[in-house]
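Engineer: okay, sequence plus prediction incoming.
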Amino acid sequence: MTPQELVLRFLTSVGRPAEAQQYLELFRGARSAADAEEPGAFAIIHVSEPVLDHALDALVVDLRYLAELDLLPVLTFGAVSGARAQKSAQRVAAALPPQVRAQVTAASQVAQALRDDCLPLVPLIASRGNGGTGGNGGGEVEADRRFDALAELVAALGAKKLVFLGRRSGLQPRGGRVVSMIDLTTEAATIGPTLPEPQAALLRQIARVIDAVPHPMTVSVTSPLDLLRELFTVKGAGTLVRRGCVVEAFSHWHELDRPRLISLVEEAFGKPLVSDFGSRPFLRAYVADDYRGAAIVTQTPLGPYLSKFAVTTVARGEGVGRDLWRHLTGELPQLFWRSRADNPITSWYREQCDGLQRITVQGQAWVVLWRGLSAEQLAAAIQYCQAAPPDFDS
């Protein structure tokens, strides 16, 4: 096998093959779609000093794998602590194998390095502020300026993925487990105070970067050992930090972009809907993040029935499904639905329901799940799910 085939095989070992391929196409598209004069970056990776002291070999392997896939991230240094940013960039450059062409460069020269198929290694320099001195000194003000410089680079390159590499993966509250996802809109205020101060400070600066960048983006906190899993799987590894997406609710088909909604459902499930699906009445349709996620709820004698819950693969990895579910169940505390037993989302549904029952529909294993139903309603709910008409042609 070629080196690229070996890397792809490795990626499928840490996640589902379809996920790895979809992320690979997305990342390659981010580069090829960029203007030739101002190439973009599929990701910007900030490398902390402890990584160089304890996991430099793992970082080098990651970068070699990405190079075999024709992917060039932009590596930055010094946002967290700017004193050794230049030396850190030079140290990584010296450790890389010859097949990974790299260049220590200023932020203003990153686009040229990418055009030359060179891995840019960027020491972040704090810009001068009002009454400030600039430079790479310490202090909260200087740290703010270095993170501002990082935000400017993210905005200039149109990068939608920023990764902070540390010695360990994720943000971990004192005495607790690593938090897999943080919504800055609803969770930062409660999670932030539970973190050790260095992690709390990083979370505040991440929020600063996201606020300063004009386009949608996500930020991950992980380690070199988990970097490829974070980049190429829906579940990821470490902590994902982002702003919650907007969810809109509709009551009629004419209020929706019907073709986009149908296309979303068919893409998420990988098969075509029956021809009359787009004319079936519904109680509510929830659409998240510009048709990257949607839920369709119909009315039944027992109450709301979740007909479809669909989120694109990449949007799942960005937490869109969680936002959609939170909005849906916030408005509809009573709900029931069914899911194929072998559907990967069924294991997640199990964590969201009050109860479930296995059933058989046309010789295939399904699961009926519910929230807020009384014991007296369960038999009728199960019967409804067994008799519900098919939604797909196959």
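Structural biologist: Looks like it arrived, so ask away.

Engineer: could you chop the protein up by domain?
Structural biologist: Taking automatic domain parsing as the reference, the chain has its domains at 3-242, 247-387.

Engineer: now render those domains as a markdown table, adding mean neighbour count and distance to residue 393.
Structural biologist: Glycine gets a C-beta too; all of them are placed from N, C-alpha and C. Converted to a markdown table, those look like this (neighbours: other C-beta atoms under 10 Å; distance: least, C-beta to C-beta, whole Å):
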| stretch | mean neighbour count | distance to residue 393 |
| --- | --- | --- |
| domain 3-242 | 18 | 21 |
| domain 247-387 | 17 | 5 |
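
Engineer: confidence-wise, which of these is weakest overall?
Structural biologist: The stretch with the lowest mean pLDDT among the domains of the chain is domain 3-242, at a mean of 85.

Engineer: all the strands of the stretch 251-394 of the chain, residue numbers only.
Structural biologist: For the stretch 251-394 of the chain, the strands defined by DSSP state E, counting those that start in this stretch cover 284-288, 293-300, 303-311, 335-340, 355-361, 364-371.

Engineer: contacting residues for residue 285?
Structural biologist: By C-beta atoms under 8 Å, 6 or more residues apart in numbering, the contact set of residue 285 is 249-251, 256, 261, 294-297.

Engineer: to clarify, my last question referred to residue 92.
Structural biologist: 47, 52, 56, 59-60, 75, 77, 102, 121.

Engineer: do a quick rundown of the helices in the stretch 251-394 of the chain.
Structural biologist: 258-269, 313-317, 320-331, 346-352, 378-387 (DSSP state H, counting those that start in this stretch).

Engineer: quick one, which of those is nearest to residue 19?
Structural biologist: helix 313-317 (6.0 Å; C-beta to C-beta).

Engineer: what about the residue nearest to residue 291 when sequence neighbours are not counted, distance to residue 54?
Structural biologist: Among residues not flanking residue 291 along the chain, residue 260 sits closest, at 4.6 Å (C-beta to C-beta, 6 or more residues apart in numbering). Note on residue 260: its distance to residue 54, by C-beta to C-beta, to the nearest Å, is 47 Å.

Engineer: again with residue 249
Structural biologist: Counting by C-beta to C-beta - residue 249 and residue 54 are separated by 48 Å.

Engineer: go on, residue 271?
Structural biologist: As judged by C-beta to C-beta, residue 271 and residue 54 stand 47 Å apart.

Engineer: one more: residue 67?
Structural biologist: Distance, residue 67 to residue 54, using C-beta to C-beta: 23 Å.

Engineer: touching, residue 262 and residue 278? I think so.
Structural biologist: Yes. Using C-beta atoms under 8 Å, residue 262 is in contact with residue 278, at 5.6 Å.

Engineer: now residue 204. Nearest residue, chain neighbours left out?
Structural biologist: residue 192 (7.1 Å).

Engineer: hang on, the one you found in a helix?
Structural biologist: Yes. Using DSSP: H, G, I helix; E, B strand; the rest coil, the assignment for residue 192 is a helix.

Engineer: next up, the contacts around it.
Structural biologist: Residue 192 touches 200, 203-204, counting by C-beta under 8 Å, 6+ apart.

Engineer: let's have these in a markdown table, adding distance to residue 381.
Structural biologist: Converted to a markdown table, these look like this (distance: C-beta to C-beta, whole Å):
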| residue | distance to residue 381 |
| --- | --- |
| 200 | 45 |
| 203 | 42 |
| 204 | 46 |
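
Engineer: ok, so of the residues you listed, who is nearest residue 152?
Structural biologist: Closest to residue 152 out of the contacts of residue 192 is residue 204 (18.1 Å), distances taken as C-beta to C-beta.

Engineer: distance-wise, check that closest one relative to residue 193.
Structural biologist: Residue 204 is 11 Å from residue 193, by C-beta to C-beta.

Engineer: check residue 81 too.
Structural biologist: Residue 81 is 23 Å from residue 193, where distance means C-beta to C-beta.
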